[in-house]
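Novice: Just the structure for this:
(chains A, B, C and D)
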2 protein chains.
Amino acid sequence: MKIDPKKPADLSAQIAQAIRDAIISGELIVDERLPSEAELSEQFQVSRPTVREALKRLAAQSLIRTQRGASGGAFVNRLSFEGAYSQQITTSTLLLSMNAVSFDTACEARFALERACAALSAQRRTADQLATMRAEIHRQSQPGLTDEAFCASDVAFHRALVDGAGNPVLSYQLAGAVEAMQPLMNMITFTARSREAIIAFHNQIADALEHGDSTKVDAALVSLENYTRQLAQDVAQQRRKPA
Amino acid sequence: MKIDPKKPADLSAQIAQAIRDAIISGELIVDERLPSEAELSEQFQVSRPTVREALKRLAAQSLIRTQRGASGGAFVNRLSFEGAYSQQITTSTLLLSMNAVSFDTACEARFALERACAALSAQRRTADQLATMRAEIHRQSQPGLTDEAFCASDVAFHRALVDGAGNPVLSYQLAGAVEAMQPLMNMITFTARSREAIIAFHNQIADALEHGDSTKVDAALVSLENYTRQLAQDVAQQRRKPA
DNA sequence: AATTTTTATTTGTCTGACATTTAAAAGTCT
DNA sequence: AGACTTTTAAATGTCAGACAAATAAAAATT
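Specialist: Now for the predicted structure:
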């Protein structure tokens, strides 16, 4: 674990990379304690603030955690799926908002991924996951539901669908796409009209899933995708020439 | 953009979050310059090293870049797909290596995603992308090719396939899955035997793609997935009882 | 007018210090 | 001896002040 002393700028970035490499290569294993900041600064021949900046970089990526006190220090994190979600979502959100990805593109990607999950989910979904979906549909039918609550329930429904595939890697991948799109999705579910239609699609999906009919699940998702894209177009058009 | 002065610990994390929120909410826009470190430390009532630690956290997520000199400072980054790849890959690699995700699970997710792309790619792939795939297949057939070069070409082939979908969000999502799996994939392509089989599948895919036959592309990918999983099982078994 | 020099600003780094947290060691009492 | 309390040491968290290096704008010079 060494750094190049010839490149003077960005020492903290170099040190962070060196430690990162050590973690990825397995040289440092999960829950192992890194040397103290004082020892690291000695080892890399830099000051403690520089070492600290490097450690903060790694902390930002959830690669390490720090603990104060006598037997404290920096420890290698076991990266959990849950922990990775938030990063994924932050990154995806920024990508969508800053890079001017069209709603259509994001929508297509999201449903393409979801349909891939749905095929597996039709075979594997547990009774519990199906019950969750039914319960969310029921909640979505409540008259007094706020838009935010409807959207949250919508996410929960699709989350259960995806989790039904029983593949945490897929769940992880999709969480980013779905949640990042949510702000954009919100604005198109603002009428009771579209709620009814969406609930109808959800029922189609749940029914098909109950019978393990992956073809019908796929068809329902395609319909939902088309409906969603159409709604988004209408919203965009309405904005162009408002009442 | 404020922080809670009552929670004394982790000031740099709080400041980083405050700035991060400002970026996500659009309060700070792309290429806008943040206040100087001195001004930020004044604004948040903390010392400059603390501000710097916060900025390094953001830099680790590629949310900002810094520049020295008179009109230098920290600037909000336009998050590019390319920039997001590396983070995605780092995270995915760690998830796979530390969380003991089985090869089967990772493999299933990867091919599920890839098949989702392939359906779109069959409709949209450009002649250029098809040519890239053919060229990679040709390279893979070279006798003296090292294992590393073969694997790199393999990645390039699938990359072209995925890019053929013309959906950068999908390309981004898949890049993480494919590249994170590569180290695991490497060990199963160590015989000339498996290379031949893999090349055959690649040819099937390219042929089907040339004719826009998404059904055949799908079938070829399923076959490749099964073959890959079988190879991985064999490798695992061979390790259990070596010669 | 073009070029060079100076200057001011900003990040990068260092030194040294103190505060806070925490676990272990030492001490004390029953 | 054992349980409880106090002390201590080690580690991170934070601060203040300083200098180095880079860089662009301003000033001076040719």
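Novice: Please name the nearest non-neighbouring residue to residue A:201.
Specialist: What sits nearest to residue A:201 in space, not counting adjacent residues and going by Cβ to Cβ, 6 or more residues apart in numbering or on different chains, is residue A:224, at 4.2 Å. Just so you know, the C-beta spots here come from the backbone N, C-alpha and C atoms, and that holds for glycine as well.
Novice: And the one you found, how far from chain B?
Specialist: Distance of residue A:224 to chain B, computed by Cβ to the nearest Cβ, to the nearest Å: 16 Å.
Novice: go on, residue A:40?
Specialist: Residue A:40 sits 15 Å away from chain B, going by Cβ to the nearest Cβ.
Novice: That residue is in what secondary structure piece?
Specialist: Element membership for residue A:40, per DSSP states H and E: helix A:37-44.
Novice: what does residue A:219 give?
Specialist: Using DSSP H and E, residue A:219 maps to helix A:214-240.
Novice: re the thing from before, test my guess that the residue nearest to residue A:201 contacts residue A:110.
Specialist: No. Contact criterion Cβ atoms under 8 Å: residue A:224 and residue A:110 do not qualify, at 10.7 Å.
Novice: Same drill for the two, tell me which one is more crowded.
Specialist: It is residue A:110, of residue A:224 and residue A:110, that has more neighbours when counted by other Cβ atoms under 10 Å in any protein chain shown, with 23 against 20.
Novice: which residues does the more buried one contact?
Specialist: By Cβ atoms under 8 Å, 6 or more residues apart in numbering or on different chains, the residues touching residue A:110 are A:174, A:177-178, A:181, B:169.
Novice: For it, pull up the helix or strand it's in.
Specialist: Under the criterion of DSSP H and E, residue A:110 resides in helix A:103-124.
Novice: Next, the buried residues of that helix.
Specialist: By neighbour count on 16 or more other Cβ atoms under 10 Å in any protein chain shown, the buried set for helix A:103-124 is A:103, A:105-122.
Novice: ok, now stretch A:39-51?
Specialist: Buried-residue list, stretch A:39-51, by 16+ other Cβ under 10 Å: A:40-41, A:44, A:46, A:50-51.
Novice: Chain A: strands as residue ranges?
Specialist: Secondary structure of chain A by DSSP state E: the strands cover A:64-67, A:73-76.
Novice: so what strands line up beside the first one?
Specialist: When you say that, I think you mean strand A:64-67. Partners of strand A:64-67 in the sheet, by DSSP bridges, are strand A:73-76 (antiparallel).
Novice: what does the partner strand rub up against?
Specialist: Residues contacting strand A:73-76 (Cβ under 8 Å, 6+ apart): A:23, A:28-37, A:55, A:58, A:63-67.
Novice: Narrow those to just the buried residues.
Specialist: Buried among the contacts of strand A:73-76 by 16+ other Cβ under 10 Å: A:23, A:28, A:34-35, A:37, A:55, A:58, A:63-64, A:66.
Novice: State the pair within these that is farthest apart.
Specialist: A:23 and A:37 (17.1 Å; Cβ to Cβ).
Novice: which residues sit in contact with residue A:116?
Specialist: Contacts of residue A:116 (Cβ under 8 Å, 6+ apart): A:170, B:112-113, B:115-116.
Novice: give the contact list for the residue nearest to the spatial centre of chain A.
Specialist: For chain A, residue A:176 is the residue whose C-alpha lies nearest the centre (Cα atoms, centre = their mean; 2.5 Å). Going by Cβ under 8 Å, 6+ apart, residue A:176 touches A:85, A:88-89, A:91-92, B:173.
Novice: Just the buried residues of those residues.
Specialist: Buried among the contacts of residue A:176 by 16+ other Cβ under 10 Å: A:88-89, A:91-92, B:173.
Novice: Tell me the one among those residues nearest to residue B:196.
Specialist: Within these, proximity to residue B:196 (Cβ to Cβ) peaks at residue B:173, which comes in at 30.5 Å.
Novice: and the gap between residue A:90 and DNA strand D?
Specialist: The gap separating residue A:90 from DNA strand D is 21 Å, by Cβ to the nearest atom of the strand, to the nearest Å.
Novice: oh, I was asking about residue A:152
Specialist: Taking Cβ to the nearest atom of the strand as the measure, residue A:152 and DNA strand D are separated by 33 Å.
Novice: With residue A:25 instead?
Specialist: According to Cβ to the nearest atom of the strand, residue A:25 and DNA strand D sit 21 Å apart.
Novice: what residues are up against that residue?
Specialist: For residue A:25, the contact set (Cβ under 8 Å, 6+ apart) is empty.
Novice: any chance of the contacts of residue A:110 in TSV, with pLDDT, neighbour count and distance to DNA strand C too?
Specialist: As requested, those are exported to TSV (pLDDT from 0 to 100; neighbours: other Cβ atoms under 10 Å in any protein chain shown; distance: Cβ to the nearest atom of the strand, whole Å):
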residue	pLDDT	neighbour count	distance to DNA strand C
A:174	83	27	36
A:177	76	24	33
A:178	77	20	36
A:181	77	22	34
B:169	86	27	31
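Novice: which of those residues come close to DNA strand D?
Specialist: Among the contacts of residue A:110, not one lies near DNA strand D by Cβ under 7 Å from any atom of the strand.
Novice: From residue A:36, how far off is whichever residue of chain A sits closest to DNA strand C?
Specialist: Across chain A, the shortest distance to DNA strand C (Cβ to the nearest atom of the strand) belongs to residue A:69, at 2.1 Å. From residue A:69 over to residue A:36 the distance is 12 Å, taken as Cβ to Cβ, to the nearest Å.
Novice: ok so, going back, in the helix holding residue A:219, what counts as buried?
Specialist: A:214, A:216-218, A:220-221, A:224-225, A:227-229, A:231-232.
Novice: mean confidence score for it?
Specialist: Average pLDDT, helix A:214-240: 86.
Novice: repeat for stretch A:110-120
Specialist: For stretch A:110-120, the mean per-residue pLDDT is 92.
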